[in-house]
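# take a look and give me a structure for this.
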Amino acid sequence: MKALVKQVVDASLHALKEKGVISFEHIPQYNVEIPKDAAHGDWSCNVAMVMSKATGKKPAELADLIISGIVDRDGVVTKIEKAGPGFLNLKLADRVFQDVARQVLKSGDSWGRQPLKSTGKKVMVEFVSANPTGPVHIGHARGAFMGDAISRLLVAAGHDVTREFYINDFGKQVETLGRTVFKRYQELHGQKIELAEGEYPAAYVIDIAQTWKSAVGDSFLNKPESEWLPAAMQIGIDENLKAIRATLAKAGIAHDVFFSEKSLHDAGKVKGVVDVYKKRGVTYEAEKGERREKGDKVRDAESKAAQFTDQQKGGTFLRTATYQENGKYVLKDEEDRVILRHDGSPVYLTADLAYHKEKFDRGFDLCVDVFGADHKGHVPRIQSGVTLLGLDPARMQFVLVQIVRITKDGEEVKVSKRKGTVFELSDLIDEAGADVCRFIFLMKTANAQFDFDLGDVKKQSKDNPVFYFQYGHARCASILKKAAEKGMGFNGVEKLTDAQLARLTLPAERDMLKKMSRLSEVVQSAAEKLEPHHVLYFCQELIADFHSYYANTKSDPVINSDPEKREGKLALVAALKQTLKSAFDILGVAAPEYMEAPPDEEAA
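Now for the predicted structure:
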């Protein structure tokens, strides 16, 4: 619909140019928006202000010229007026709105989506990336659903998307996992063990050890550490990844690539990125890294930086803060970072920088990292490191996800009573359902903190936003089914006539059709901002409009005795159902065909 408005305005401008009334080289981008006050029309545009300088006309004068010389061969616009300093307010013909129902039904599940275009970007979205030392817990939950929804949005907006999970399968943590697995393996063979501080006491490690024992028997009991440790690490990683994949599948999430950190080390790419930095002259050897500001930084004693301060003492430093161009600091980090310790071993950041170089080497136009908010300090280090590689940091975007507090009966849920361990995402899905979890974690911006109560989201009432959301689609399905059962079913888009659509004259019907027409626009905008909640809000507004419309149709019901009116209204309901299904699919939320009506509402 917005495109129709632009076609009329553009045609009018070109006609004025051909007549010699105005001159310009091209029509720049201008806004077509819905006016805040519905009395001002259906759409408003600022083209006269945008093109004032190019045409040498004052905005108000140019607006008058467009109005007087409007070219509208298809009769799309019924009224056009000037407002304020030069805005154009346009009212469109009813048939433009009515035809939206036909467009939706013809498009089917592709409604709101853009086809994959040659102009679409090749995008990688990295998300979850939980350490393979244990299960996916509720601390990972929001990032998992957010990353998946962002990926779905980008696909719907026409981009070629790769979903990637970065496996931290190198270093001390997986060594500790391997040692713990071996101790449990010994225990299963009757040996007495004692876990050291920092090792993994949870029951899942015993399960891993049992799987290993079943596969290899006692063959590793008397082997040297150089043989049993790699094997114990590998079985630990493999079994944990198997469990992680199963939990993500339960959540409706699938990654295209599981990328191994260890593969970067084995291929020499971690040390290789250090060589690249050295060749570019952006490293130095020192006992202590330089800071942009004078004096030592006072660190939070609980922070990881404070806990690993000894690793910053001496080595190869990268100028993530002090790099300058034309005598000015150009990077965002606050201090230079060590990338090789004094013994020549790389730190975690070095592998991360090698991984981001690898992303660009694979040809991605845009790399999206979905991180927990606790990784906020890591962002400027990566941005600086990428810039120092000679790459464009604008090709990276970061989504920082705050943890949502899960409560039940007023108390925070942190531990699984069944397992006695950290509350897992799998437990949360069992308790609330995958759709409920996805909806809750997507309902606000990623950086918003909030609580969600497990009791509230189980209520079958309109006070439960998740129930009310899905019930909108189910109500549409129920109306269409009831009409069919009465022998008055919708005959389908192929038989839909203009006369039937012309019976959709109520303001509420017009408003719903107008909103349906905007799904693609909402999806494009949400994808550009990496904010799935905009699509969710779009659905909520449309559903609220429909519930209100349905409640007020007793005098003019959808299943009408007038065949022509009935067919038009059923087309509206069918188009609404399809619009919601398309939007739900983009978010990854199921669109149920049937739900029990809440006690305070009449069933459809």
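# secondary structure element for residue 140?
helix 138-156 (DSSP states H and E).
# elements contacting that helix?
strand 122-126, strand 160-167, strand 366-372, strand 396-401, helix 425-432, helix 434-442, helix 519-529, helix 563-587 (3 or more CB pairs under 8 Å, 6 or more residues apart in numbering; DSSP states H and E). (C-beta placed from N, C-alpha, C; glycine too.)
# how about the CA coordinates for it, as PDB?
In PDB, the C-alpha atoms belonging to helix 138-156 read as follows (Å, rounded to 0.1, in the frame of the first residue of the first chain):
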ATOM      1  CA  ILE A 138      18.300 -20.700  31.700                       C
ATOM      2  CA  GLY A 139      21.200 -18.300  31.500                       C
ATOM      3  CA  HIS A 140      21.500 -19.300  27.800                       C
ATOM      4  CA  ALA A 141      17.700 -19.400  27.100                       C
ATOM      5  CA  ARG A 142      17.000 -15.800  26.100                       C
ATOM      6  CA  GLY A 143      20.100 -15.600  23.800                       C
ATOM      7  CA  ALA A 144      19.000 -18.900  22.200                       C
ATOM      8  CA  PHE A 145      15.500 -17.700  21.300                       C
ATOM      9  CA  MET A 146      16.700 -14.200  20.400                       C
ATOM     10  CA  GLY A 147      19.400 -15.500  18.100                       C
ATOM     11  CA  ASP A 148      17.000 -17.900  16.400                       C
ATOM     12  CA  ALA A 149      14.300 -15.200  15.900                       C
ATOM     13  CA  ILE A 150      16.800 -12.700  14.500                       C
ATOM     14  CA  SER A 151      18.000 -15.400  12.100                       C
ATOM     15  CA  ARG A 152      14.400 -16.000  11.000                       C
ATOM     16  CA  LEU A 153      13.800 -12.300  10.600                       C
ATOM     17  CA  LEU A 154      16.800 -11.900   8.400                       C
ATOM     18  CA  VAL A 155      15.700 -14.800   6.200                       C
ATOM     19  CA  ALA A 156      12.200 -13.300   5.900                       C
END
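# list the residues that contact the residue most central in space within the chain.
The residue lying closest to the centre of the chain (CA atoms, centre = their mean) is residue 150, at 2.1 Å. For residue 150, the contact set (CB atoms under 8 Å, 6 or more residues apart in numbering) comprises 125, 127, 368, 370, 399, 527, 530, 532.
# could you dump the helices and strands packed on helix 138-156 into a markdown table with mean neighbour count, mean pLDDT and distance to residue 99 added?
Shown next, in a markdown table, are these (neighbours: other CB atoms under 10 Å; pLDDT from 0 to 100; distance: least, CB to CB, whole Å):
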| stretch | mean neighbour count | mean pLDDT | distance to residue 99 |
| --- | --- | --- | --- |
| strand 122-126 | 23 | 97 | 33 |
| strand 160-167 | 21 | 97 | 32 |
| strand 366-372 | 21 | 97 | 35 |
| strand 396-401 | 19 | 97 | 37 |
| helix 425-432 | 20 | 91 | 41 |
| helix 434-442 | 24 | 94 | 32 |
| helix 519-529 | 19 | 96 | 15 |
| helix 563-587 | 23 | 97 | 10 |
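# of all the ones you listed, which one is nearest residue 449?
Closest to residue 449 of the helices and strands packed on helix 138-156 is strand 396-401 (CB to CB; 10.4 Å).
# so what are the sheet partners of that closest one and their directions?
strand 366-372 (parallel) (DSSP bridges).
# after the strand it pairs with comes which helix or strand?
Toward the C-terminus, strand 366-372 is succeeded by helix 378-388 as the next helix or strand (DSSP H and E).
# distance to residue 64 added to the helices and strands packed on helix 138-156, as TSV?
TSV is the format used below for those (distance: least, CB to CB, whole Å):
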stretch	distance to residue 64
strand 122-126	45
strand 160-167	46
strand 366-372	43
strand 396-401	43
helix 425-432	58
helix 434-442	46
helix 519-529	29
helix 563-587	38
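# for residue 277, find the nearest of those.
So among those, strand 396-401 is nearest, using CB to CB, at 17.7 Å.
# residues in contact with the closest one?
142-143, 146-147, 150, 356, 366-373, 375-376, 379, 382-383, 386, 446-447, 530.
# also stretch 206-215?
Against stretch 206-215 from outside (CB under 8 Å, 6+ apart): 181-182, 184-185, 187-189, 231-232, 235-236, 239-240.
# tally of neighbours for residue 389?
19 (other CB atoms under 10 Å).
# for the remainder of this discussion, apply numbering that starts at 76.
With the count now opening at 76, the last piece we talked about shows up as residue 464.
# ok, it touching residue 432?
Yes: with contact defined as CB atoms under 8 Å, residue 464 reaches residue 432; the gap is 5.8 Å.
# list the contacts of residue 145.
Taking CB under 8 Å, 6+ apart as the contact definition, residue 145 lies against 83, 87, 152, 155.
# and what of residue 349?
Going by CB under 8 Å, 6+ apart, residue 349 touches 358, 391, 414-415, 421, 425.
# quick check: which ranges of the stretch 176-325 of the chain have low pLDDT?
Within the stretch 176-325 of the chain, the segments meeting pLDDT under 70 span 192-193.
# in the stretch 526-675 of the chain, which spans are strands?
With strands called from DSSP state E, counting those that start in this stretch, the stretch 526-675 of the chain shows them at 526-528.
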